[in-house]
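In: The sequence and its predicted three-dimensional model are supplied below.
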Amino acid sequence: MERDERSGPPAGADAPAGERYLLLADISGYTGFMAGVEQEHGVDFSGGIPAAYSVLGDLLGAVIEGLEPDFALVKLEGDAVFAAAPAANLDGRGDRVLETLAATYRAFVDGRTRAIPASDHVCTACPTVAHLDLKAVLHRGHAVRQRVGSGSDLLGPAVTVAHRLLKNTIRERIGSRPYLFITDAAASALGLPEIGLAHREEYPDAGLVEGRIVELGGPLQQGVPT
């Protein structure tokens, strides 16, 4: 069934355990952006809460909505969205996943553009919202849904790997482009083993992780130029 004919979370999204696609979409540049806003506006916000705080909510909301219904939100992690989908729903459907992520990035850019303040805005920090961008990691592996307090979370080695991958050397290779890093585990199952640019990362606790870099907002099928 096509994307616009479906509604609600992916079937099996709340299964207690199973193979899942694990997606982390992170707003890069946000820490510096907020530090600049705090410096300009102070920390007590006695004159009102700066618009920058609503910008984060709007941008995260655009990402969450863009990923639906293929991916269901697991939780927000500061300036990052952690979402997941049952592997069986997306295996072999790499083109669909790329289309979803391309549409999500377009929604993010549209939201970022709307958030740029007028030219007469007196704060020098808020206009730097134009420099915010998106990076994403997509991994596939076994994950367990665990009750945590009044909610739930996904746990397991695959979840740890996905989170480790947000700290990487990718922009040392491609510059400050928005990107998606698809691990080989995800790319192979999606039917995208040769897409983009081959890349590897290694971590003391997660070991060697190989995958492919794809430029968001660019010609996704051709991937990232060297």
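Out: Yep, it's here.

In: distance of the most centrally placed residue in the chain from A83?
Out: With distances taken as CA atoms, centre = their mean, A25 lies nearest the centre of the chain, 1.0 Å away. As judged by CB to CB, to the nearest Å, A25 and A83 stand 7 Å apart. In short, each C-beta sits where N, CA and C put it, glycine included.

In: can you list residues touching both of the two?
Out: L67 (CB atoms under 8 Å, 6 or more residues apart in numbering).

In: List the buried residues in the longest helix belonging to the chain.
Out: In the chain, with assignment by DSSP state H, the single longest helix is helix 94-115. Within helix 94-115, the residues scored as buried using 16 or more other CB atoms under 10 Å are 94, 97-98, 100-102, 104-105, 107-109, 111-112, 115.

In: Which strands or helices does that helix pack on?
Out: Applying 3 or more CB pairs under 8 Å, 6 or more residues apart in numbering; DSSP states H and E, one finds that helix 94-115 contacts helix 51-67, strand 133-148, helix 184-190.

In: and if we set it to 6 Å?
Out: helix 51-67 (3 or more CB pairs under 6 Å, 6 or more residues apart in numbering; DSSP states H and E).

In: And the residue nearest to the centre of the chain, how close does it get to D95?
Out: Relative to D95, and taking CB to CB, A25 is found at 19 Å.

In: swap in H163?
Out: Here the criterion is CB to CB. By it, H163 lies 27 Å from D95.

In: How about L138?
Out: When distance is defined by CB to CB, L138 is 14 Å away from D95.

In: and L90, backbone torsions?
Out: When read as degrees, to the nearest 10, the backbone of L90 gives phi -120, psi -10.

In: ok, now G18?
Out: Given degrees, to the nearest 10, the pair of backbone angles that G18 has is phi 160, psi 180.

In: What's opposite it in the beta bridge?
Out: Beta-bridge pairing of G18 under DSSP bridges involves A143.

In: residues touching L101, list them.
Out: Residues counted as contacts of L101 (CB atoms under 6 Å, 6 or more residues apart in numbering) are L180.

In: Can you tell me how far it is from E215?
Out: For L101, the distance to E215 - CB to CB - is 11 Å.
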